[in-house]
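Asker: next come a sequence and a model predicted from it.
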Amino acid sequence: CDGVDQDCDGVVDEDVHDGNRYYADRDADGFGAGAVVRLCEAPVSGYARTATDCDDTDEGVFPGASEVCDQRDQD
């Protein structure tokens, strides 16, 4: 995270070792899942700092969500 393109690919500070970890948040509920990316600055949207989402396709399912009687596990 120094603003220099060390690998000469035209992109500065991508997949940096000293960056923060972010996880794809496909359902925009604030909880991510899947592969980690390391970035120096927080992305505008589409990523979360935690990888604890057990269903990243449903914005109503995440850690701490309220349970509803529908035979599904919301939390």
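Answerer: Cool, got the structure.
Asker: all strands of the chain, in order?
Answerer: Using DSSP state E, the strands of the chain run over 20-24, 36-39, 47-48.
Asker: point to the helix or strand of this protein where mean pLDDT is at its lowest.
Answerer: Every helix and strand of the chain was ranked by mean pLDDT, DSSP states H and E. The lowest is strand 36-39, at a mean of 86.
Asker: what does it rub up against?
Answerer: Contacting residues not belonging to strand 36-39 are listed as 13-24, 47, 51 [CB atoms under 8 Å, 6 or more residues apart in numbering]. From N, CA and C alone the C-beta is placed, and that goes for glycine too.
Asker: okay, which residue is most central for the chain?
Answerer: What sits nearest the mean C-alpha location of the chain, by CA atoms, centre = their mean, is residue 23, with 2.3 Å.
Asker: so what's it bridging to?
Answerer: Taking DSSP bridges as the rule, residue 23 bridges to residue 36, residue 48.
Asker: who's in contact with it?
Answerer: Going by CB under 8 Å, 6+ apart, residue 23 touches 32, 33, 34, 35, 36, 37, 47, 48, 49, 50, 51.
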